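>>> Okay, predicted coordinates and the sequence, questions at the end:
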Amino acid sequence: MDFRPGKAACLLMFTFLCAPAMADKPAGGKPPADPTQDELMMSAGFLSSHPDLRFRLNGQKRYEKGEYGEAFSFFQRAAWYGDKPAQGMVAEMLWNGRGVDQDRALAYAWMDLAAERGYEGFVGHRERYWAALDEVERARALEVGQSVYAKYGDEASEPRLAAVLRRERARQTGSRTGFSGALKIYIPGPGGDYLQIDGSRYYDENYWEPAKYRALQDSIWERSYT
């Protein structure tokens, strides 16, 4: 890749977009099932039903190419569906004026939003932002934060994502009320071949039931506070 964003940008991308691969294992010792790390899941139309992930990954691709304006737009669209890593990227891009006019007060509001669920990485960035703001910026950050939360906070965004997940699952499964390991999904592969995915894997409730999907995201992104 010819584009070389520099150390700061590379650290940014690692922190907000690549962190799931480094997530702590849950008590049972099994790593969380992050669908973005599964190439088969990503190629099976999964992203069309999960706009939070689709828009975040599109933003990541644009960012890596140096297309910052488009990246910012995609991250905002992912943020609309409550994607915390995307909200953190919106904050960082505002903070650094990358792809958008620099606005440190608004950046703090977005990072505070990214830290809404208490994910350690985002909380740390939020506190560093606050320490760097002057008193005027802090006052404005608290003011603009109210409208950011009203539009993008979990209270507003989770019902949007839940509606999409339920609609798309119903659309894909028709009248079926449950799935067994016998259900198979076939997707085009290289050379005209087809690859097979177990339906029980694709339709795992952790990916489709809103509360469980939220818990899955928490397991991927949160850190221990001990």
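Sure thing, it's come through.
>>> Give me the mean pLDDT for the helix or strand containing Ala91.
Take DSSP states H and E as the rule and Ala91 turns out to sit in helix 84-96. Computed over helix 84-96, the mean pLDDT rounds to 97.
>>> Ok, stretch 39-59 next?
On average, stretch 39-59 scores 84.
>>> who does the helix or strand hosting Leu165 touch, helix- and strand-wise?
Using DSSP H and E, Leu165 maps to helix 154-173. Helix 154-173 is packed against helix 51-64, helix 68-80, helix 135-152, helix 205-208, helix 210-221, with contacts defined by 3 or more Cβ pairs under 8 Å, 6 or more residues apart in numbering; DSSP states H and E. C-beta: built from backbone N, CA, C; applies to glycine.
>>> May I have that helix exported as PDB, CA atoms only?
C-alpha atoms of helix 154-173 as PDB (Å, rounded to 0.1, in the frame of the first residue of the first chain):
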ATOM      1  CA  ASP A 154     -27.500   4.300  22.800                       C
ATOM      2  CA  GLU A 155     -31.000   5.400  23.700                       C
ATOM      3  CA  ALA A 156     -31.600   6.700  20.200                       C
ATOM      4  CA  SER A 157     -29.400   4.400  18.100                       C
ATOM      5  CA  GLU A 158     -30.100   0.900  19.600                       C
ATOM      6  CA  PRO A 159     -33.800   0.900  18.500                       C
ATOM      7  CA  ARG A 160     -32.700   1.800  15.000                       C
ATOM      8  CA  LEU A 161     -30.200  -1.100  14.800                       C
ATOM      9  CA  ALA A 162     -32.700  -3.500  16.500                       C
ATOM     10  CA  ALA A 163     -35.300  -2.700  13.900                       C
ATOM     11  CA  VAL A 164     -32.800  -3.500  11.000                       C
ATOM     12  CA  LEU A 165     -31.700  -6.700  12.600                       C
ATOM     13  CA  ARG A 166     -35.200  -8.000  13.200                       C
ATOM     14  CA  ARG A 167     -36.400  -6.900   9.700                       C
ATOM     15  CA  GLU A 168     -33.400  -8.500   7.900                       C
ATOM     16  CA  ARG A 169     -33.600 -11.700   9.800                       C
ATOM     17  CA  ALA A 170     -37.300 -12.100   9.100                       C
ATOM     18  CA  ARG A 171     -36.700 -11.200   5.400                       C
ATOM     19  CA  GLN A 172     -34.000 -13.800   5.000                       C
ATOM     20  CA  THR A 173     -35.700 -16.600   7.000                       C
END
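>>> and the gap between the closest residue to Gln172 other than its chain neighbours and Gly69?
Closest residue to Gln172 apart from its sequence neighbours, by Cβ to Cβ, 6 or more residues apart in numbering: Ser49 at 7.2 Å. For Ser49, the distance to Gly69 equals 27 Å [Cβ to Cβ, to the nearest Å].
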